[in-house]
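Chemist: only geometry, no sequence info:
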């Protein structure tokens, strides 16, 4: 198995703060579903959405 450089890994922006998130091995199965860079951003996003 060849090593990949961090710059070669996929990235996408966090839905809350906009910072780039780099692919992590623990996200391999759910990369398409990952929207937030951290638990803090996930919680902040949930608290700012309007409640029905």
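Modeler: The structure has been received and is ready for your questions. Predicted, not measured: the structure shown is a model, and the values here were computed from it.

Chemist: so residue 41 makes contact with residue 17?
Modeler: Yes: taking contacts as Cβ atoms under 8 Å, residue 41 lies within contact range of residue 17: 5.4 Å. Placement of C-beta: from N, CA and C, glycine included.

Chemist: Now name the helix or strand holding residue 29.
Modeler: Under DSSP states H and E, no helix or strand contains residue 29.

Chemist: for this structure, what spans make up the strands?
Modeler: Taking DSSP state E as the criterion, the chain carries its strands at 11-13, 20-22.

Chemist: low pLDDT regions in the chain?
Modeler: 1-2, 4, 46-52 (pLDDT under 70).

Chemist: Apply 80 and report the result again.
Modeler: The model of the chain has pLDDT under 80 over residues 1-4, 6-7, 45-52.

Chemist: Roughly how far does residue 12 sit from residue 20?
Modeler: 7 Å (Cβ to Cβ, to the nearest Å).

Chemist: So if I had to pick from the two, which one is more boxed in?
Modeler: Shown here are residue 12 and residue 20; by other Cβ atoms under 10 Å, residue 12 has more neighbours (14 against 9).

Chemist: Bridged to the more buried one, which residues?
Modeler: residue 21 (DSSP bridges).

Chemist: show me what contacts it?
Modeler: 20, 21, 34 (Cβ atoms under 8 Å, 6 or more residues apart in numbering).

Chemist: correct me, but the first one touches residue 11?
Modeler: This points to residue 20. Yes: Residue 20 is within contact range of residue 11, at 4.7 Å (criterion: Cβ under 8 Å).

Chemist: re the thing from before, which of residue 41 and residue 17 has more residues huddled nearby?
Modeler: Under the neighbour definition other Cβ under 10 Å, residue 41 and residue 17 were set side by side, and residue 41 has more, 18 against 14.
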